[in-house]
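Colleague: I'll drop the sequence and a predicted model, then ask my questions.
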Amino acid sequence: MNLPLTERINRIEPSGTVQLTAILQDLRARGIDVIDMAVGEPDFPVDAAIVAATSKALDRGQTRYGPVGGLPALRDRLAEDFEGCDQRNIIVTNGAKQALYMLFQVLCEKGAEIIIPTPCWVSFSHQVKLAGGQPILVPTRDHQLDIAAVESAIGPRTVAVLINSPNNPTGAVYPPEVIAAVGRICRDKGVWLISDEAYQAFDLGGNTFFSPFSIGTLRERLIVVRSFSKTYAMTGFRIGYAVAPAAVIEALSRLQSHLSGNVCTFAQHGALAALDLPNETIETQRRAYMRRRDRAFELTRALFDCRRPEGAFYLLPSIKPYAGRFKSGIDMAGWLLEKAHVAVVPGEHFFAPGHLRMSFAVGGKLMEEGFQRMQEVLAP
Ligand code: GLU
């Protein structure tokens, strides 16, 4: 049936990561034992203090509408981490994903350009297109930002440069001087710098995560987006937030008032409790991801060409060693799912053709078995 849907929705593909999760659920429901190395979802349990605060909020009947921008107490608490900010600089959103979606709606006139270094997360370009904007893809070099290429991509229609460090899907972490240089370029050219910091807690190279927010002179042109999903393993709670000049937050709130209204009230109480967890809790997880990264990298290198990830929980190996057998990452990922019952995401979804994205958010025996299965089917 030929339904009269809009041109803009017809141009959008489903999220490669979310779609794969649905396929996996379906396979498992049919009794097929699939190992999920596809989705970027921590396997740590949600901390008991977060669960307790959420159920306490439910018991107290905190189940009604809340303020559109988020619980004032949560916004105040989040603002404490951003010098010079208060709750007018914070909006709580349904995951960082919704913050980004709304940002493009707020910043893009028709044809406005958003510069996106690639490889990049699956949803960026689609979200920009849905806002009527145009993603301008600028390849990275060895997964690091190419400052000159970013600068020369900025033109009269550019409204923002979007960076994501630690990076999904490459695991690259950008050094402070590179972030500072891109920030200065944005400031001098009068365009926004959007910093997607969903993986800020998981810099696996040491404690070197650097946000452009640390540079005071960039803040007027800076929007930071963060998430509770990865840091606190709270994926299903759907809590993210944006930090920006008050006028941007006010615009986002106006939009959110017509979109979802507030984020789930009792989930926000859980988020408040998350912020009180001792640093040690996150540090323990970070160390666990470091160990997983080391092991996953060792196993990946035995099968593929791969760069060592320095953050987040992804590897992005090239399928070059199997060039004779597979035409693309899509081809190979489909084959691995069918033959090895291992799910990985084709790099094509991330503008990384000929690559696969593998997640080590699931570790231990499952990860070992995932690699074992791949090795068995790939053996000549
Ligand atoms: N960001 C995660 C991933 O890339 C979760 C899925 C999504 O929202 O894309 O796997």
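Modeller: Looks like it came in fine.

Colleague: so what does the helix or strand Glu338 falls within touch, helix or strand wise?
Modeller: Using DSSP states H and E, Glu338 sits within helix 329-340. Other helices and strands packing on helix 329-340, by 3 or more C-beta pairs under 8 Å, 6 or more residues apart in numbering; DSSP states H and E, are strand 342-343, strand 345-346, strand 356-359, helix 364-378. Quick note: C-beta positions are derived from backbone N, CA and C, even for glycine.

Colleague: got a list of what whichever residue of the stretch 251-380 of the chain sits closest to the ligand touches?
Modeller: In the stretch 251-380 of the chain, the residue that lies nearest the ligand is Ser359 (6.6 Å; C-beta to the nearest ligand atom). Ser359 sits next to Asp36, Met37, Ala38, Val39, Gly40, Glu41, Phe313, Tyr314 when contact means C-beta atoms under 8 Å, 6 or more residues apart in numbering.

Colleague: Spell out which parts of this protein neighbour the ligand.
Modeller: Within reach of the ligand by C-beta under 6 Å from any ligand atom, the chain has these residues: Ser15, Thr17, Val18, Val39, Gly40, Lys97, Trp121, Val122, Ser123, Asn168.

Colleague: What sits closest to the second one if chain neighbours are left out?
Modeller: Nearest residue to Thr17, sequence neighbours excluded (C-beta to C-beta, 6 or more residues apart in numbering): Val122, at 5.5 Å.

Colleague: need the contact list for the one you found.
Modeller: Contacts of Val122 by C-beta under 8 Å, 6+ apart are Ser15, Gly16, Thr17, His349, Phe350.

Colleague: Ok, Gly155 next?
Modeller: Residues near Gly155 by C-beta under 8 Å, 6+ apart: Glu113.

Colleague: Now do the helices in the stretch 101-250 of the chain.
Modeller: Under the criterion DSSP state H, counting those that start in this stretch, helices of the stretch 101-250 of the chain are mapped to 123-130, 147-153, 176-189, 246-259.

Colleague: Pick the most deeply packed of those helices.
Modeller: helix 123-130 (a mean of 21; mean count of other C-beta atoms under 10 Å).

Colleague: hmm, who's touching that helix?
Modeller: Contacts with helix 123-130, where a contact means C-beta under 8 Å, 6+ apart, come from 8-9, 11-13, 15, 97, 100-101, 104-105, 108, 114, 116, 134-135, 137, 162, 351.

Colleague: could I get it in PDB with only the CA atoms?
Modeller: C-alpha atoms of helix 123-130 as PDB (Å, rounded to 0.1, in the frame of the first residue of the first chain):
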ATOM      1  CA  SER A 123      21.100   9.000  15.100                       C
ATOM      2  CA  PHE A 124      22.900  12.200  14.500                       C
ATOM      3  CA  SER A 125      22.500  12.600  10.800                       C
ATOM      4  CA  HIS A 126      18.800  11.400  10.800                       C
ATOM      5  CA  GLN A 127      18.000  13.800  13.600                       C
ATOM      6  CA  VAL A 128      19.500  16.700  11.700                       C
ATOM      7  CA  LYS A 129      17.600  15.800   8.500                       C
ATOM      8  CA  LEU A 130      14.300  15.500  10.500                       C
END
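
Colleague: Just the terminal-to-terminal distance for stretch 343-356.
Modeller: The first and final residues of stretch 343-356 sit 10 Å from each other (C-alpha to C-alpha, to the nearest Å).

Colleague: quick one: average pLDDT of it?
Modeller: Confidence for stretch 343-356, expressed as mean pLDDT, is 97.

Colleague: and it, which residues are buried?
Modeller: Judged by neighbour count using 16 or more other C-beta atoms under 10 Å, the buried positions of stretch 343-356 are 343-352, 354-356.

Colleague: For these, work out which two are farthest apart.
Modeller: Ala343 and Phe351 (20.1 Å; C-beta to C-beta).

Colleague: just wondering, since we're on Tyr289, how far is it from Gly347?
Modeller: 21 Å (C-beta to C-beta, to the nearest Å).

Colleague: Ok, Asp196 next?
Modeller: Asp196 is 19 Å from Gly347, by C-beta to C-beta.
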